[in-house]
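Q: Okay, structure incoming, though there's no sequence with it:
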Ligand SMILES: [Zn+2]
């Protein structure tokens, strides 16, 4: 059909009825679940499970990249998320979320220095994550589409988990207090999220606001969650890396 051969000749040479060929031409979305995509379906739906989608989106915005998997005309895209080897639990969580969102596409890994890339190939990553584009994320505008807002509003905890699992950190901050009887050291847990993209930092801040987690900018490119009750609240969704 793509080569412009008439339905009649295709029907004669394949034995498939013209009515069926006509139907396939008018409704090209395959019914094969491997290929079905909630976004480019005739009536687009939200990707499911939404909690896994929100988590995966957070990972992508932190450490992910979408690029062509082969020749441009094949239109197959590769989603790659870099997972530090220090945290095997996070890598498994990443693999699980990728499979949950695209159950028909196999997930594989590739060892790099100090990290493992978790990879899934699909024609539909650009539909599912329309923030992909050429160049680095902080050099282009990162803006969620309205359907993504619907998901991340209802799943703010999972988006925060994805963001902090990729570009975030939960560590112990040590501060010194000089008192009359000498120096005292205090230790308290805090979260840091570091990203070069102002858009992604803003998205992280909005997500924390939605969760009722107090935060502030600690540097130009990072925000911190340090108040005791804010850390406790964020622990409900994120917690230490593992
Ligand atoms: Zn699609």
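A: That came in fine, so what should we check first? Quick caveat: nothing in here was measured; it's all calculated off a predicted structure.
Q: Point out the residues in this protein that sit beside the ion.
A: 37, 39, 40, 124, 127 (Cβ under 5 Å from the ion). The C-beta positions use only the backbone N, C-alpha and C, and glycine is treated the same way.
Q: With the ion as the reference, measure out to the closest residue in space to residue 142 that isn't next to it in sequence.
A: Among residues not flanking residue 142 along the chain, residue 199 sits closest, at 3.9 Å (Cβ to Cβ, 6 or more residues apart in numbering). Distance check for residue 199 against the ion: by Cβ to the ion, to the nearest Å, it reads 24 Å.
Q: Check what contacts the helix or strand bottoming out on mean pLDDT in the chain and list those residues.
A: Least confident helix or strand of the chain, by mean pLDDT, DSSP states H and E, is helix 18-26 with a mean of 82. For helix 18-26, contacts defined as Cβ atoms under 8 Å, 6 or more residues apart in numbering pick out 1, 7, 8, 10, 11.
Q: quick one: the strands in this structure?
A: Taking DSSP state E as the test, the strands found in the chain are 64-68, 77-84, 107-111, 115-122, 168-179, 182-194, 216-219, 222-225.
Q: Please dump those into CSV; it should also carry mean pLDDT for every row.
A: Shown next, in CSV, are the strands of the chain (pLDDT from 0 to 100):
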stretch, mean pLDDT
strand 64-68, 93
strand 77-84, 95
strand 107-111, 95
strand 115-122, 95
strand 168-179, 90
strand 182-194, 93
strand 216-219, 95
strand 222-225, 97
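Q: could you dump those strands to CSV with mean neighbour count?
A: CSV is the format used below for the strands of the chain (neighbours: other Cβ atoms under 10 Å):
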stretch, mean neighbour count
strand 64-68, 16
strand 77-84, 21
strand 107-111, 12
strand 115-122, 20
strand 168-179, 12
strand 182-194, 14
strand 216-219, 12
strand 222-225, 20
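Q: could you dump these to TSV with distance to residue 154?
A: As requested, the strands of the chain are exported to TSV (distance: least, Cβ to Cβ, whole Å):
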stretch	distance to residue 154
strand 64-68	21
strand 77-84	23
strand 107-111	25
strand 115-122	24
strand 168-179	21
strand 182-194	21
strand 216-219	26
strand 222-225	22
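Q: Out of these, the one nearest residue 135 is which?
A: Closest to residue 135 of the strands of the chain is strand 64-68 (Cβ to Cβ; 10.7 Å).
Q: The closest one pairs with which strands?
A: With DSSP bridges as the test, strand 64-68 is paired with strand 77-84 (antiparallel).
Q: Surely residue 47 and residue 41 touch.
A: No. If you go by Cβ atoms under 8 Å, residue 47 and residue 41 don't touch, sitting 10.9 Å apart.
Q: that older thread, neighbour-wise, give me the winner out of the residues of the chain next to the ion.
A: Tallying neighbours with other Cβ atoms under 10 Å puts residue 124 at the head of those, with 22 neighbours.
Q: Touching, that residue and residue 102? I think so.
A: Yes. Proximity of residue 124 to residue 102 meets the contact threshold set by Cβ under 8 Å, at 7.2 Å.
Q: contacting residues around the spatially most central residue of the chain?
A: The C-alpha lying nearest the average C-alpha coordinate of the chain belongs to residue 57 (Cα atoms, centre = their mean; 2.1 Å). By Cβ under 8 Å, 6+ apart, the contact list for residue 57 reads 129, 148, 151, 152, 159, 162.
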